[in-house]
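Colleague: okay, here's the prediction I keep looking at, along with the sequence it came from:
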Amino acid sequence: MTHGRTGVAWRRRGSALLVALIAVMVLAALAAGLSTYSGSLQRENEGDEHASRALYVAEAGLSLAIGSVRGGAVDEQTDELEVGSDEEPLPFSGGGYWYRVRNNHDGTVTVTSTADVGGVRQATEAVLESNDEGIFNSALFAGNVSGDPLYDMKFGGTGVQADIVNGNIYSGRNVLVTGGAQINGLIRAAGSISGGGGDTGKTLPIPDIAGMNYATTAHYNVNALFASATYKTHTALGGRAWQVSESSPAHIFRRNPSDRTSATSSTSKDDYFLEDPYEAVSGSSTVAPANGTRITLAGHDNNPGSNASNKVYYIDGNLWVHNNNIYSFTLFNSGSDPVRATFVVRGNIYISDNILYQNATTGALAMIAIKDPAVASSGNIYFGDPSFGTLERMDSFMYAENNFHDNNLSATGSAKVTVNGNMTAGNQVRINRDWGSQHSKLTVNFDGRIASGAVTLPGLPTAAQGEADWSVVSWRTVAAR
């Protein structure tokens, strides 16, 4: 009997040992699992930390990339800009980043920044839109630097006399569209927009005239070239005036003609008239390049002198496009070399006759009026002929540091005027073109060749760089590559 009890005891002991062994194995497995989980959790925490830090580094890189764009790192000739790379990242906060800027050539750029921290990558992307609605990108621009709170850029008229603008416009205060006027482009205004939709509360930079220093940087100082001028009669052009030899770049101007003193008697400084005494005069009233009196540049088309195209002409005085015997002037060259010039006038510009490109694809003219501190009302462009209404068309890029004024405020003024180019003012574009029940129609067809880079002109002012030049329109996290 004792033997039997001993066998039972051993069986009980064996069962307890088996249970203990199983418990040990379970506990060991649990310990191993906990160790693995703890290591995995630690690695996951480290990965999360690296991912968060990588995102912060990517955003820091994106901010630096945006700063480089606003600092002028991208221009029309830039397609793509890369700084750093995945092989050689720029070190930052325990990791590294690299960025790429892509010019979309539509007024926007795409900026992508990628960062790597501990082998974890993150990427962010932003799209920036250019705010440059100045001399290159606007059909009409008025900076309103005077801060006039009552300024309205006005458009009006009804039926066939309604104003039409084909291009973007900007007003440094308000825009007022009435009647049947059409703005076929984006309207931007620092103040309000009445009669149309657009963006309000916008402040855009104006061109930096002081930085151009035209008096010393221009190719030709017209006043200095007229030191050798002689006083001559030209019956076809009218009266006696000072003029220079055909080989001089300044031969396309006559100074202080005697038959137009009624127009110039109230102006300050000398008056230069755009007219070429070495070309035949056309009195045709047909507004077409073939019917205009030619303006030919020195050195062009086998003309005497050195090639005077693509040059800046500086006039310390006033410039007129106005002749009693002529309706239109044509920038002419029978060869393939394009006629291009920039006229900078330290005074006022008066336009009352048509000025046309012979070749609208390659020809280009910029007329820039800048202020003279010694002359109270300067830096203006006046257009229109209040006496005869002969002005119908202006082919030109025009910038007035001060204002644009309309001279057509009379019953005999031009019934319509078309600008093929643009009108940009540092202060205001004053285009109130109503006289009684008559409205003189203004059509502005924006010439985008300079904005697109298809045409270049020397001496065009640019806006000072700054944050106002680029707006961030989107910012997001993207997949890292």
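Modeller: Great, that's in hand. Residues are numbered from 1 along each chain as shown.

Colleague: pLDDT on stretch 160-177, on average?
Modeller: Throughout stretch 160-177, pLDDT has a mean value of 95.

Colleague: quick one: buried residues of that stretch?
Modeller: Neighbour counts over stretch 160-177 (16 or more other Cβ atoms under 10 Å) mark 161-165, 167-177 as buried. Every C-beta, even on glycine, is put in place using the N, C-alpha and C of the backbone.

Colleague: before we move on, what about stretch 114-128?
Modeller: For stretch 114-128, a neighbour-count test (16+ other Cβ under 10 Å) marks 114-117, 120-128 as buried.

Colleague: go on, stretch 243-252?
Modeller: Residues of stretch 243-252 classed as buried by neighbour count (16+ other Cβ under 10 Å): Q243, V244, E246, S248, P249, A250, H251, I252.

Colleague: what's the farthest-apart pair in those residues?
Modeller: Using Cβ to Cβ, these span at most 13.0 Å, a distance reached by Q243 and P249.

Colleague: circling back to that earlier point, which of the buried residues of stretch 160-177 fall within helices?
Modeller: Using DSSP state H, no member of the buried residues of stretch 160-177 falls in helices.

Colleague: could you measure from A369 over to T235?
Modeller: Applying Cβ to Cβ, to the nearest Å, the value for A369 to T235 is 31 Å.

Colleague: have a look at those two and say which one is more surrounded.
Modeller: Taking other Cβ atoms under 10 Å, A369 and T235 do not tie; A369 has more neighbours (31 against 10).

Colleague: okay, and which of the buried residues of stretch 160-177 map to strands?
Modeller: Among those, the members falling in strands (DSSP state E) are I164, V165, I169, Y170, S171, N174, V175, L176, V177.

Colleague: how about a markdown table for those, with distance to V287 added?
Modeller: Below are these laid out as a markdown table (distance: Cβ to Cβ, whole Å):
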| residue | distance to V287 |
| --- | --- |
| I164 | 18 |
| V165 | 20 |
| I169 | 25 |
| Y170 | 29 |
| S171 | 30 |
| N174 | 33 |
| V175 | 30 |
| L176 | 30 |
| V177 | 27 |
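
Colleague: what ranges does the stretch 1-150 of the chain have for its helices?
Modeller: In the stretch 1-150 of the chain, the helices defined using DSSP state H, counting those that start in this stretch lie at 2-70.

Colleague: let me redo that: the stretch 301-450 of the chain
Modeller: Using DSSP H, counting those that start in this stretch, helices in the stretch 301-450 of the chain cover 449-452.

Colleague: okay, now the unreliable bits of it?
Modeller: 385-389, 407-413, 432 (pLDDT under 70).

Colleague: switch the cut-off to 80
Modeller: Residue ranges of the stretch 301-450 of the chain with pLDDT under 80: 384-390, 407-414, 431-438.

Colleague: farthest pair within the ones in strands among the buried residues of stretch 160-177?
Modeller: Going by Cβ to Cβ, the pair spanning these furthest: I164 and N174, at 19.9 Å.

Colleague: which non-adjacent residue is nearest S194?
Modeller: Nearest non-adjacent residue to S194, counting by Cβ to Cβ, 6 or more residues apart in numbering: L176, 5.0 Å away.

Colleague: give me the phi and psi for A210.
Modeller: For A210, the backbone dihedrals are phi -60, psi -40 (criterion: degrees, to the nearest 10).

Colleague: pull the contacting residues for the residue lying closest to D353 once chain neighbours are set aside.
Modeller: Excluding the flanking residues, the one nearest D353 by Cβ to Cβ, 6+ apart is V321, at 5.2 Å. Shown in contact with V321 (Cβ atoms under 8 Å, 6 or more residues apart in numbering): F273, L274, F329, I349, Y350, I351, S352, D353, I355.

Colleague: run through the bridge partners of the closest residue to D199 other than its chain neighbours.
Modeller: In space, D199 comes closest to R188 once its chain neighbours are excluded; the distance is 4.8 Å by Cβ to Cβ, 6+ apart. Counting by DSSP bridges, R188 is bridged to Y170, D199.

Colleague: any idea how far R188 is from T286?
Modeller: The gap separating R188 from T286 is 38 Å, by Cβ to Cβ.

Colleague: who has more neighbours out of these two?
Modeller: Neighbours were counted for R188 and for T286 using other Cβ under 10 Å; R188 has more, 23 against 10.

Colleague: isn't the more buried one up against N168?
Modeller: Yes. Counting by Cβ atoms under 8 Å, R188 does reach N168; the two are 7.1 Å apart.

Colleague: can you add pLDDT and distance to N223 and give the buried residues of stretch 114-128 back as TSV?
Modeller: Formatted as TSV, these follow (pLDDT from 0 to 100; distance: Cβ to Cβ, whole Å):
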residue	pLDDT	distance to N223
T114	95	57
A115	92	59
D116	92	62
V117	90	64
V120	89	67
R121	91	63
Q122	92	62
A123	93	58
T124	93	55
E125	93	53
A126	90	49
V127	89	48
L128	84	43
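
Colleague: which residues in the stretch 51-200 of the chain form strands?
Modeller: Here the stretch 51-200 of the chain has its strands, by DSSP state E, counting those that start in this stretch, at 80-83, 90-92, 95-103, 108-117, 120-130, 140-142, 152-155, 164-166, 169-171, 174-177, 182-183, 187-189, 193-194, 199-200.
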